[in-house]
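*Asks:* the following block contains a protein sequence and its predicted model.
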Amino acid sequence: MDAGLDREWRRRALAFYKDCLPYLGDMARSGLPLALFALIIVGSASYAGLLERIPADFPAAALGTLLLTPALYWNPMRTWLQPADVVFLLPREAAMKGYLRRSWLHTLPGGLVLAAAVLLLYWPIRARVPADELTNWTPELLPALAAVLALKALAAAAAWRERQIAWSASRTALKLLRLAITVWLLYVWLEEHALTAAFVSAPAALLWWAASRLPKRIALPWERLIEEERRTESRYIRFFGWFTEVPSLQPSVRSRPWLSWIASRVPLRKRSTYTYLYSLSIARTELGGMLLRMTLLGMLCCYWLGESGWLDGWAAAACALLFLLIAGLQSAALTGWHRHVVWRHVYPLPESGRLRSAAAVDRGALTVVAALLWLAAGVPLLAAGLVAAPAAAALLAAVYVLLRPRRLLKRQQREDEED
Amino acid sequence: MSEFQAGAEVLQVKGLTGGYSPRRPVLHELDFTVRAGEMMGLIGLNGAGKSTTVKHLLGLMAPHRGEVKIGGTTLEADPERYRGSYAYVPEAPVLFEELTVEEHLRLTAMAYGLDEKRYAERRDRLLEEFRMGPKRGARAAHLSKGMKQKVMLMNALLAQPALYIIDEPFLGLDPLGIRSLLDRLTEERAKGAAILMSTHILSTVETYCDRFMLLHGGRIREMGTMDEVRMSRGAEGDTLEEIFYRVVEESDADGRGA
């Protein structure tokens, strides 16, 4: 391997982790370790309780597939590549093999550990369910573990090949094929005899490999790797942003036509200018994606808790409010956006209008989030005849959403004055 | 359409001294006007003070001394009227990554208070003129640098303000884009718009601008029509380029240069 490139890889990796260190300190001080510790204690206690109640006909293989698929499918890669590299490293592309191998090997162990951890955590559930009625076979841990690790390594290699595909339609198709194959193989390995599973795995892997040979590939997809690196880095910074002040980032943008059409409903008039801008911003940037994921996850949790009627429905109500609060923390970032663009000074519009619009868009988004969370929690509770908890949740959520804009505006004005 | 009579002073700059620090002014006592129906070229070497001048006009920097009026008002007196009287095209395109070409136009229409009918007419015309019709739904992140610059120009032209402040408009534009821009600026001027255009392309200034102003070391070294400047510099038949070099050299020689 080119010694200079090797040194550069190590320098960049070290610089990244060095940059992360102060944030880790802030995270530790934020009480996160304590919260995690509490979560582990409570989690393991309720997990043990859950195991006792698993029925004999529980679809354990399906649950295992659901849990393991993300761990196997998701294969990030840190290359530390930057936009300037297309000028300075591109001429050395021929020597980049070692550099990229280092990147690949850097991320793979973490992925293997994660996949193994998910399998080991899940395995008690699988072991509880007796032998399959049809096959009369209970899979054993060691072959399953070996298979999961092998599949993970193959998936990481496949993900690299996908990055090389030149056309985005082919890349998406190949990713979908890999997802389908991963789901199928996991299910087979958790349900069938190891020999049977090995027998179907080989042709499935070959099928994917043959399909991946069809579209045109780029030996080193510079632009894709640079973009991926930018996204990964911004994900880290956003994560640290939950605990401390972080540098502002270029938002990563997605089209989301099914969401951004809402902005086209904003009437064409002067006082709605910033409402239009912020509606598009929230719909297309990562903030919208995050709110969406948070809402879906929250709805799922609320529904489960609502269905179980735990603590007379108060658990579901608390869950809905908790997710609403987290969504509120996230979307508060909106008022700080577009603070430093030149157009703020050029447009013939009063500055107060910008903040008011940001707060209005924030309130609109949170109203939708609150309504969806409440529906997921409230409908099963009301159906079970529990009224007090959903009513209280609705009242508290409404108070939060209604009072929030004033607090947001005050905070932003204070920050602006400090600037 | 400009609300100003031809010849009315849309931009008035009086005794403008400014810069980032009051102890080190970059601009010294600038006095100039741009009238309705007039195109004024702003030329000078890198670091001459062109961008700082533009920033003062936009109200992004506060003058140490002097006054800037656009549309008859200062920024402090009536910010909305002041800002509604000009459109600005920066040197490097500044677009919202999450908005498409058409959404940028709609945003500008909202900011400048256009109604739906006028917006639709001007949008369609601009998309056609700048050959951006096929790109109307493309997000800014997916546009080439030249296309981004076109979007900036289209936004300025959509607003049809009394004054255009345009900083290096030709960077990254293809030949057809340059032609479209110059044709449109000429047309806007004929309709009564005032235009202040900062550029390094001297031949364009010579051909298209009614007057020009040569900045060097933060001071106005020459200002007027080509004929007036030729008269004052005493060289008939000289091109703007020749005059430019002479003025810069003379300013440096007498110790007043950048």
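*Replies:* Cool, got the structure.
*Asks:* show me the contacts for A:Ala358.
*Replies:* Applying CB atoms under 8 Å, 6 or more residues apart in numbering or on different chains to A:Ala358 gives the contacts A:Tyr274, A:Tyr278, A:Leu334, A:Thr335, A:Trp337, A:Leu408, A:Gln412. Bear in mind the C-beta positions are built from the backbone N, C-alpha and C, glycine included.
*Asks:* once you drop chain neighbours, what's closest to the fifth one?
*Replies:* Spelled out, it's A:Trp337. In space, and not counting its chain neighbours, A:Trp337 is closest to A:Ser281: 6.0 Å by CB to CB, 6 or more residues apart in numbering or on different chains.
*Asks:* which helix or strand contains the one you found?
*Replies:* helix A:273-284 (DSSP states H and E).
*Asks:* for that helix, buried residues please.
*Replies:* Buried residues in helix A:273-284, counted by 16 or more other CB atoms under 10 Å in any protein chain shown: A:Thr273, A:Tyr274, A:Thr275, A:Tyr276, A:Leu277, A:Tyr278, A:Ser279, A:Leu280, A:Ser281, A:Ile282, A:Ala283, A:Arg284.
*Asks:* pull the contacting residues for the closest residue to the fourth one other than its chain neighbours.
*Replies:* Here the nearest residue to A:Tyr276 in space, its sequence neighbours aside, is A:Val266; by CB to CB, 6+ apart that works out to 4.4 Å. With contact set as CB under 8 Å, 6+ apart, A:Val266 has these partners: A:Ser272, A:Thr275, A:Tyr276, A:Ser279.
*Asks:* count the neighbours of the residue in the stretch 1-150 of chain A positioned nearest to chain B for me.
*Replies:* Going by CB to the nearest CB, chain B is nearest to A:Pro83 of the stretch 1-150 of chain A, at 13.4 Å. By other CB atoms under 10 Å in any protein chain shown, the residues close to A:Pro83 number 12.
*Asks:* now do the SS call for it.
*Replies:* Secondary structure for A:Pro83, judged by DSSP: H, G, I helix; E, B strand; the rest coil, is coil.
*Asks:* I'd guessed it sits against A:Ile226; true?
*Replies:* Yes: using CB atoms under 8 Å, A:Pro83 is in contact with A:Ile226, at 5.8 Å.
*Asks:* about what we covered before: out of the contacts of A:Val266, which is nearest to A:Ser201?
*Replies:* For these, the minimum distance to A:Ser201 (CB to CB) is 47.6 Å, reached by A:Ser279.
*Asks:* contacting residues for A:Gly364?
*Replies:* Contact analysis of A:Gly364 by CB under 8 Å, 6+ apart lists nothing.
*Asks:* from chain B, how far out is it?
*Replies:* Using CB to the nearest CB, to the nearest Å, we find A:Gly364 at a distance of 17 Å from chain B.
*Asks:* just for chain A, where's the confidence low?
*Replies:* A:1, A:30-31, A:130-139, A:242-251, A:416-419 (pLDDT under 70).
*Asks:* those residues of it touching chain B, which are they?
*Replies:* A:250-251, A:253, A:255, A:263, A:268-270, A:272-273, A:276-277, A:280-281, A:283-285, A:338, A:341-343, A:345-350 (CB under 8 Å from any CB of the partner chain).
*Asks:* any of those buried? List them.
*Replies:* Neighbour counting by 16+ other CB under 10 Å classes A:251, A:253, A:263, A:268, A:270, A:272-273, A:276-277, A:280-281, A:283-285, A:338, A:343, A:346-349 among the residues of chain A next to chain B as buried.
*Asks:* domain assignment for chain A?
*Replies:* Here the domain parsing of chain A from automatic domain parsing is A:3-234, A:254-418.
*Asks:* and the ones you listed as JSON lines, adding distance to B:Ala193?
*Replies:* JSON lines is the format used below for the domains of chain A (distance: least, CB to CB, whole Å):
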{"stretch": "domain A:3-234", "distance to B:Ala193": "38"}
{"stretch": "domain A:254-418", "distance to B:Ala193": "16"}
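*Asks:* most packed of these?
*Replies:* domain A:254-418 (a mean of 18; mean count of other CB atoms under 10 Å in any protein chain shown).
*Asks:* show me what from the stretch 101-250 of chain B comes close to chain A.
*Replies:* B:103, B:106-107, B:109-116, B:119, B:139, B:141.
*Asks:* among the residues you listed, which two are most distant?
*Replies:* Counting by CB to CB, the most remote pair of those is B:Asp115 and B:Ala141, 29.9 Å apart.
*Asks:* out of these two, which sits in the busier spot?
*Replies:* B:Ala141 (15 against 10).
*Asks:* what about the nearest residue to the more buried one once chain neighbours are set aside, distance to A:Thr79?
*Replies:* In space, B:Ala141 comes closest to B:Glu97 once its chain neighbours are excluded; the distance is 4.7 Å by CB to CB, 6+ apart. Taking CB to CB, to the nearest Å as the measure, B:Glu97 falls 23 Å from A:Thr79.
*Asks:* ditto for A:Leu322
*Replies:* Distance from A:Leu322 to A:Thr79, by CB to CB: 37 Å.
*Asks:* which residues of the stretch 151-258 of chain B fall in strands?
*Replies:* Under the criterion DSSP state E, counting those that start in this stretch, the stretch 151-258 of chain B carries strands at the ranges B:163-167, B:194-198, B:211-216, B:219-224.
*Asks:* wait, chain A
*Replies:* For chain A, no strands are identified by DSSP state E.
*Asks:* where does it get nearest to chain B, residue-wise?
*Replies:* A:Pro348 (3.4 Å).
*Asks:* which residues touch the nearest residue to that residue once chain neighbours are set aside?
*Replies:* Leaving aside its sequence neighbours, A:Pro348 sits nearest to B:Gly84 (CB to CB, 6+ apart; 3.4 Å). The neighbours of B:Gly84, taking CB under 8 Å, 6+ apart as the test, are A:Pro348, B:Gly71, B:Tyr112, B:Gly113, B:Pro161.
*Asks:* just the closest of these to A:Ala389, please.
*Replies:* Closest approach to A:Ala389 among the contacts of B:Gly84 (CB to CB): B:Gly113, at 48.9 Å.
*Asks:* quick one: that closest one from A:Glu8, how far?
*Replies:* Distance from B:Gly113 to A:Glu8, by CB to CB: 53 Å.
*Asks:* B:Val151 now?
*Replies:* Distance from B:Val151 to A:Glu8, by CB to CB: 37 Å.
*Asks:* cool, and B:Gly72?
*Replies:* Computed as CB to CB, the B:Gly72 to A:Glu8 distance reads 59 Å.
*Asks:* check A:Tyr47 too.
*Replies:* Noted for A:Tyr47: a distance of 45 Å to A:Glu8, by CB to CB.
*Asks:* check A:Leu291 too.
*Replies:* With CB to CB as the criterion, A:Leu291 and A:Glu8 are 38 Å apart.
*Asks:* do A:Ser103 as well
*Replies:* Counting by CB to CB, the separation of A:Ser103 from A:Glu8 is 12 Å.
*Asks:* picking that back up, let's see which of the contacts of A:Ala358 end up in helices.
*Replies:* A:Tyr274, A:Tyr278, A:Leu408, A:Gln412 (DSSP state H).
*Asks:* of these, which pair is most distant in space?
*Replies:* Most distant of those, by CB to CB, are A:Tyr274 and A:Leu408, 14.2 Å apart.
*Asks:* got a list of contacts for stretch A:143-155?
*Replies:* A:68, A:71-73, A:75, A:108, A:111-112, A:115-116, A:119-120, A:123, A:178, A:182, A:185-186, A:189-190, A:194, A:197-198, A:201, A:205.
*Asks:* got phi/psi on the closest residue to chain A within chain B?
*Replies:* Going by CB to the nearest CB, chain A is nearest to B:Gly84 of chain B, at 3.4 Å. With angles defined as degrees, to the nearest 10, B:Gly84 sits at phi -70, psi -10.
*Asks:* try B:Phe32
*Replies:* Per-residue torsions, B:Phe32: phi -160, psi 160 (degrees, to the nearest 10).
*Asks:* tell me how far it lies from B:His56.
*Replies:* B:Phe32 is 12 Å from B:His56, by CB to CB.
*Asks:* that concludes my questions; thank you for your assistance.
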